[in-house]
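S.K.: please work out how this folds:
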Amino acid sequence: MVGLKDVTGALQCILLGAKDSVLGIWPVFQLIKKNDKVRSQMLQCFLLNGVILWLSVLLFDYVLLPVIQIMANFVFSFVRGSSDSEDVSLLGLVTWYMFTGLWVLPVFWISKPINSIWFQDIASAAFKGSNQRSKTKKSESSSSLSQSISRLIADLLFSIVIELLFLIQAMLVGLIPIVGYYASVLHMAVLYSLYSFEYKWMYQGWIVHQRIALIEKNWPYFVGFGLPLAVLTALPSSTVISACIFAVAFPFYIVSANEAKPRQSTLSTLPLFTIVVVISNKLFSKSDPASFNSKVTLN
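M.R.: Coordinates of the predicted model:
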């Protein structure tokens, strides 16, 4: 039975997770100062997602589109003697679809693989520059010698499938009346934590089932860690703007996760990933379900 002490401890873990994600931003500036490549990639990430894509959408929605509608209203009034609001709205809708199809979507999809490369480089620099490198150096070398390339690829693909299915689960949960929105945000908080810590854990040689088991066992901390970013990306009505916010903020989260020390929870394990793991195991018949119960020690 869950007692008051357990609930209080869970709330403390959530607050600590949120605190680590926010205050963990400061090591980013140290990393930027020391590493020219990281500084360049952080700037490029901001320019691509925050300026080229995000700012262009805002300028179109709040400047260009209203100007086009005003001009169309003036032209229709001059030619016809009166303006038709339906024609002006239709013109605005067509213009919006053209802008989205010819600019937003191409840039959005091109930016995704570019962002992934930048995120990987930033994570690598953060891990190599931390004290944890010396702690895991032996395990890294032994792991890299013993694990085959095929197993590494399988683990990566398995992780991608699980995260994709969990994203779909978060969207479906959001359809539940009344509480759906909040449950979906909490799901996204957990998913963002997994995204952030995954780079560090993969460098430490943890397989996907171990990573998920750790999150499910200490879910209050990881809910808190990903909650600020989940709230920020949930506020905009535009999926593209939410993606831009995520892409700009995520490099900071990678470094925060690298410096963070997750707090253990006294509450029972919350099997958030059970359904997606079962589905993934069906898709990957050669995966080892028993490894899902592997014990992981917090560092």
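S.K.: low-scoring pLDDT stretches of the stretch 1-150 of the chain, where are they?
M.R.: 1-3, 80-85, 129-150 (pLDDT under 70).
S.K.: got the phi and psi for the most centrally placed residue in the chain?
M.R.: The residue lying closest to the centre of the chain (CA atoms, centre = their mean) is residue 192, at 4.1 Å. When read as degrees, to the nearest 10, the backbone of residue 192 gives phi -70, psi -30.
S.K.: what number of residues lie near the residue nearest to it when sequence neighbours are not counted?
M.R.: Once flanking residues are discounted, residue 192 sits nearest to residue 226: 3.6 Å by CB to CB, 6 or more residues apart in numbering. Using the backbone N, CA and C atoms, a C-beta is placed for each residue, glycine as well. By other CB atoms under 10 Å, the residues close to residue 226 number 29.
S.K.: so which helix or strand takes in residue 226?
M.R.: For residue 226, the host element (DSSP states H and E) is helix 219-234.
S.K.: how about that helix: buried residues?
M.R.: For helix 219-234, the neighbour count (16 or more other CB atoms under 10 Å) marks 219-230, 233-234 as buried.
S.K.: show me what contacts the residue nearest to residue 192?
M.R.: Residue 226 sits next to 17, 21, 188-193, 196, 253 when contact means CB atoms under 8 Å, 6 or more residues apart in numbering.
S.K.: same deal with residue 235?
M.R.: Here residue 235 is in contact with no residues (criterion: CB under 8 Å, 6+ apart).
S.K.: what separation do you get for it and residue 283?
M.R.: 34 Å (CB to CB, to the nearest Å).
S.K.: for the stretch 151-299 of the chain, give me the ranges with low pLDDT.
M.R.: In the predicted model of the stretch 151-299 of the chain, residues 151-152, 285-299 satisfy pLDDT under 70.
S.K.: now the helices for it?
M.R.: 180-203, 208-217, 219-234, 239-259, 274-283 (DSSP state H, counting those that start in this stretch).
S.K.: show me what the first one is packed up against.
M.R.: Okay, so that is helix 180-203. helix 105-128, helix 132-146, helix 149-173, helix 208-217, helix 219-234, helix 239-259 (3 or more CB pairs under 8 Å, 6 or more residues apart in numbering; DSSP states H and E).
S.K.: the ones you listed into JSON lines, with extra columns for distance to residue 13?
M.R.: Putting the helices and strands packed on helix 180-203 into JSON lines (distance: least, CB to CB, whole Å) gives the following:
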{"stretch": "helix 105-128", "distance to residue 13": "23"}
{"stretch": "helix 132-146", "distance to residue 13": "21"}
{"stretch": "helix 149-173", "distance to residue 13": "21"}
{"stretch": "helix 208-217", "distance to residue 13": "11"}
{"stretch": "helix 219-234", "distance to residue 13": "4"}
{"stretch": "helix 239-259", "distance to residue 13": "15"}
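S.K.: contacts only, for residue 90.
M.R.: Residue 90 makes no contacts at all, as judged by CB under 8 Å, 6+ apart.
S.K.: hmm, back to that, of the buried residues of helix 219-234, closest to residue 45?
M.R.: Minimum separation from residue 45 among those (CB to CB) is found for residue 229, which lies at 14.9 Å.
S.K.: list the contacts of the residue nearest to the closest one when sequence neighbours are not counted.
M.R.: Closest residue to residue 229 apart from its sequence neighbours, by CB to CB, 6+ apart: residue 192 at 4.9 Å. Residues counted as contacts of residue 192 (CB under 8 Å, 6+ apart) are 225-226, 229-230, 246, 253.
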